[in-house]
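**Student:** quick one: sequence and predicted model below, then my questions.
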Amino acid sequence: MVVRTITGDAAVAYAAMLARAEVVPGFPITPQTVIIEQITEFINDGIMDADFIPAESEHSVMSVAVGASAGGVRTFTATSSQGLALMYEMLFAAAPSRLPVVMAVANRSLGAASGIWTEHNDSQPVRESGWLQVYVEDNQEALDMTIQAFRIAEDHRVMLPIMVCLDGFILSHVVEGVDIPEQSLVDSFLPKFVPVNVLDPKDPFMINPVTPPEFATEMRYQQDRAVEGSKLVIAEVDEQYAAVTGRRYGGLFEEYRMEDAEIALVGAGTWTGIAREAVDQLRAEGKKAGLIKLRFMRPFPGEELKRATAGLKGLGVFDRSAAFNGYGPVFTETRNALYGSSVPITDHVAGIGGRDITVDVVREMYDIVERNASGEKVRECTWHGLRGEQR
Amino acid sequence: MYEIRFHGRGGQGAVMAAQSLADAAVRSGFHAQAFPYFGAERRGAPVQAYARIDTKKVRTKSQVYNPDLLVIMDESLSELADIAAGLKPDGRVVMNTTKRPEEVDLGKGVDAVCGTVDASALALEVLKMPVVNTSMLGALARVWDVVPLESIVEAIEDRFGEKLGTRAGILNGEAARTAYDSTIIGRTLGRKEYGKLAEWAPAWNEIPIGNSLRSETRDGVAVGPASSSQNLTGRWKWSTPRYDREKCIRCLRCWWSCPDSAVIRLDDDYMRWDMDHCKGCGICADICPVNAIEMVQGAHTW
């Protein structure tokens, strides 16, 4: 074990190296670029044995990833924002083909009002693509989850691609001390990739041929069950990783000071680190506040969240992206999961386009949750830090 | 938890300094993080970088608003803006300057423990180039003893060594040691008052539809989100064009060549410069066929 002070992007690159990824197609886009750059340095230095394939666009990157994975090799790539958008079509090829590609997404706001800063409106909209999605809080988790992602994706009960989402800049360009596990330890945790299908000219067959209506429903349902079934594998892998590294993340979500909590927030990304500080402050003031760090958007832990929040007097949801004329995606999913529960629930949009989120902003969220819990009429969806009156 | 804010200019290595400090802290058994201000950067532009150091895991990911320690790598920055804003009441300052601490003025009310060091001269002497980040880290260790000099030198030797070669790593470590020895400790005396910068902070219903930059401009600078109206890129310059109207033949070459629309054409086809946005690139002086424009060292506002 060695602790190195590195960026979140470098941590992900180390993970891809330690996982012995064999093919890495790539195309540069801020704030992901450092991941691919670091990997090419590893390859150049002779310490990583992988083929780096510079493609002409992200659409091609994902096409290469699909081809490589179908060829039976461990495949890794990374992207952000418009890059992910350009991959859109091929994301929907990877998942139904059941190819366990691992992709880091350094979250960055997508589209006009051009920005390079973090927002989850690049990865949240593709949560229906069939990919699993995990969001991480710090650089250590970025490394650990990238390694775990291979194990989860390649499990024969799963066989699905997975996105490891890390907040752009707030993780991608921040250095923190990261414990880099020994190669032997990673090797013992992560066995060699055993593909289900390997395209082989000597033994020809097809993956994903034209699928007529007679088969499509069953094929889709199989995909649906694989996403649901991945919950079990995620929990197992979390345990097995803890057994070798001592680091446990809680699987689908982590509960922080939830034992006797009356009010709580749920949300994903680096926001959770700031929310922990807010919870500690509120607890010190005698308020029974808790936090649920949502890790996986897919599979979405619906039933599990309903159970974990059952005793609350109020719940708030943090969203780092907005759905227009509606609610943020995490809120939409959470309230749907809590249907039938009596816990009052509010949505809290913040950090849009990379706007800084402070402990005070998170406390403002808890304040609304508390007032909602006491029966006061509050806005169902609040945009925090917005200039001008909300209506 | 300690929070440190670095102020420098692009090219001085503020980000590397913050990262090396975090690295040194981790080597000394602390938890730490470091990050740049997330924005556009360019050589000469004012930049900021931050570090947090704690005995337990650093969980917060917010920017730094109330630093315990301020590291000022370029003295001229304190002329431009209130860079000591938010400094904690018992906060400390390290500054690259030829002045003594009591001569340092970071604004009314800022009377802080301060270390001064002529890092620019020192870097030239030891490294043969004016990159002051490692010298500033040495001075920092003298002013603020939480992270020991030895760890800082070790982090510098490793990080710079890996990036620039072993010899560069050792030289940079030496720059830190030399700066440590030559830092003068005292107290700043804040006297001057900073003017308040005009800020455009529109409400959501005041943002132009389509997030457009409005067509009405001020001195050729559009007004709107992400415009240059508040981003005074003229602060980046190291040299300033001086215009000799007598020599000017009104050929307009400077006017259409300026990449920043900072050369403003007057009604009579003579020119005037928008010094808030002239970056001092010198293209106008190069292109002028009659040498009516001369680049003068330093940032001037004539």
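**Tutor:** Cool, got the structure.
**Student:** low-confidence ranges, chain A, go.
**Tutor:** By pLDDT under 70, the low-scoring segments of chain A are A:1, A:113.
**Student:** show me what from it comes close to chain B.
**Tutor:** A:3, A:5, A:112-113, A:116-117, A:138, A:167, A:169-171, A:173-177, A:270-271, A:273-274, A:276-277, A:354, A:356-359, A:386-389 (CB under 8 Å from any CB of the partner chain). Using the backbone N, CA and C atoms, a C-beta is placed for each residue, glycine as well.
**Student:** any of these buried? List them.
**Tutor:** With burial judged by 16 or more other CB atoms under 10 Å in any protein chain shown, the buried subset of the residues of chain A next to chain B is A:5, A:116-117, A:138, A:167, A:169-171, A:173-177, A:270-271, A:273-274, A:276-277, A:354, A:356-359.
**Student:** go through the residues you listed and flag which are in helices.
**Tutor:** A:271, A:273-274, A:276-277, A:359 (DSSP state H).
**Student:** wasn't residue B:79 part of a helix?
**Tutor:** Yes - under DSSP: H, G, I helix; E, B strand; the rest coil, residue B:79 falls within a helix.
**Student:** how far away is it from residue A:199?
**Tutor:** 65 Å (CB to CB, to the nearest Å).
**Student:** residue A:220 too?
**Tutor:** 23 Å.
**Student:** just checking, residue B:270 touches residue B:247?
**Tutor:** No - counting by CB atoms under 8 Å, residue B:270 stays clear of residue B:247, with 11.1 Å between them.
**Student:** now the helices: where do they sit in the stretch 1-150 of chain B?
**Tutor:** B:14-27, B:77-80, B:119-127, B:133-143, B:149-164 (DSSP state H, counting those that start in this stretch).
**Student:** could I get the third one in CSV with only the CA atoms?
**Tutor:** When you say that, I think you mean helix B:119-127. Extracted in CSV, the C-alpha atoms of helix B:119-127 (Å, rounded to 0.1, in the frame of the first residue of the first chain):
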residue,chain,number,x,y,z
ALA,B,119,11.3,35.0,-3.9
SER,B,120,11.7,36.4,-7.4
ALA,B,121,15.4,37.2,-6.9
LEU,B,122,15.9,34.0,-5.0
ALA,B,123,14.4,31.9,-7.7
LEU,B,124,16.5,33.6,-10.4
GLU,B,125,19.6,32.9,-8.3
VAL,B,126,18.9,29.3,-7.5
LEU,B,127,16.7,28.1,-10.4
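**Student:** helices or strands up against that helix?
**Tutor:** helix B:133-143, helix B:166-182 (3 or more CB pairs under 8 Å, 6 or more residues apart in numbering or on different chains; DSSP states H and E).
**Student:** quick one: those as JSON lines, columns for mean neighbour count and distance to chain A too.
**Tutor:** Formatted as JSON lines, the helices and strands packed on helix B:119-127 follow (neighbours: other CB atoms under 10 Å in any protein chain shown; distance: least, CB to the nearest CB, whole Å):
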{"stretch": "helix B:133-143", "mean neighbour count": "28", "distance to chain A": "14"}
{"stretch": "helix B:166-182", "mean neighbour count": "20", "distance to chain A": "15"}
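**Student:** reformat the ones you listed as TSV; add mean pLDDT.
**Tutor:** As requested, the helices and strands packed on helix B:119-127 are exported to TSV (pLDDT from 0 to 100):
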stretch	mean pLDDT
helix B:133-143	97
helix B:166-182	97
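**Student:** quick one: which of those is nearest residue A:315?
**Tutor:** Residue A:315 lies closest, by CB to CB, to one member of the helices and strands packed on helix B:119-127: helix B:133-143, at 44.7 Å.
**Student:** quick one, that closest one and helix B:166-182 angle?
**Tutor:** 40 degrees (axes from the mean of the first three to the mean of the last three CA atoms, to 10 degrees).
**Student:** ok, and the closest non-adjacent residue to the residue of the stretch 1-150 of chain A found nearest chain B?
**Tutor:** Nearest residue of the stretch 1-150 of chain A to chain B (CB to the nearest CB) works out as residue A:5 at 3.9 Å. In space, and not counting its chain neighbours, residue A:5 is closest to residue B:23: 3.9 Å by CB to CB, 6 or more residues apart in numbering or on different chains.
**Student:** quickly note the distance from the one you found to residue A:210.
**Tutor:** On the measure of CB to CB, residue B:23 and residue A:210 end up 55 Å apart.
**Student:** out of the two, which sits in the busier spot?
**Tutor:** Shown here are residue B:23 and residue A:210; by other CB atoms under 10 Å in any protein chain shown, residue B:23 has more neighbours (28 against 7).
**Student:** for that one, which residues are in contact?
**Tutor:** A:5, A:175, B:32, B:155, B:158-159 (CB atoms under 8 Å, 6 or more residues apart in numbering or on different chains).
**Student:** at 7 Å what do you get?
**Tutor:** Neighbour list for residue B:23: A:5, B:155, B:159 [criterion: CB atoms under 7 Å, 6 or more residues apart in numbering or on different chains].
**Student:** same check, this time on residue A:349
**Tutor:** A:319, A:322, A:328, A:381, A:383-384 are the contacts of residue A:349 under CB under 7 Å, 6+ apart.
**Student:** ok, residue B:83 next?
**Tutor:** With CB under 7 Å, 6+ apart, residue B:83 has these contacts: B:7, B:72, B:77.
**Student:** ok, the residue of chain A found nearest chain B to residue A:179 distance?
**Tutor:** As assessed by CB to the nearest CB, chain B sits closest to residue A:388 within chain A, at 2.7 Å. According to CB to CB, residue A:388 stands 45 Å off from residue A:179.
**Student:** please apply the same query to residue A:270.
**Tutor:** 19 Å.
**Student:** around chain A, pick out the residues from the stretch 201-302 of chain B.
**Tutor:** Near chain A, the residues belonging to the stretch 201-302 of chain B are B:201-205, B:211 when assessed by CB under 7 Å from any CB of the partner chain.
**Student:** which one of the helices of the stretch 1-150 of chain B lies nearest to residue A:71?
**Tutor:** helix B:149-164 (34.9 Å).
**Student:** please identify the buried residues of that closest one?
**Tutor:** Neighbour count says helix B:149-164 has B:149, B:151-161 buried, by 16+ other CB under 10 Å.
**Student:** in JSON lines, list those along with pLDDT and distance to residue B:134.
**Tutor:** Listed next are the buried residues of helix B:149-164 as JSON lines, based on pLDDT from 0 to 100; distance: CB to CB, whole Å:
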{"residue": "B:149", "pLDDT": "98", "distance to residue B:134": "12"}
{"residue": "B:151", "pLDDT": "98", "distance to residue B:134": "14"}
{"residue": "B:152", "pLDDT": "98", "distance to residue B:134": "9"}
{"residue": "B:153", "pLDDT": "98", "distance to residue B:134": "9"}
{"residue": "B:154", "pLDDT": "97", "distance to residue B:134": "12"}
{"residue": "B:155", "pLDDT": "97", "distance to residue B:134": "10"}
{"residue": "B:156", "pLDDT": "97", "distance to residue B:134": "5"}
{"residue": "B:157", "pLDDT": "97", "distance to residue B:134": "10"}
{"residue": "B:158", "pLDDT": "96", "distance to residue B:134": "12"}
{"residue": "B:159", "pLDDT": "95", "distance to residue B:134": "10"}
{"residue": "B:160", "pLDDT": "95", "distance to residue B:134": "7"}
{"residue": "B:161", "pLDDT": "95", "distance to residue B:134": "12"}
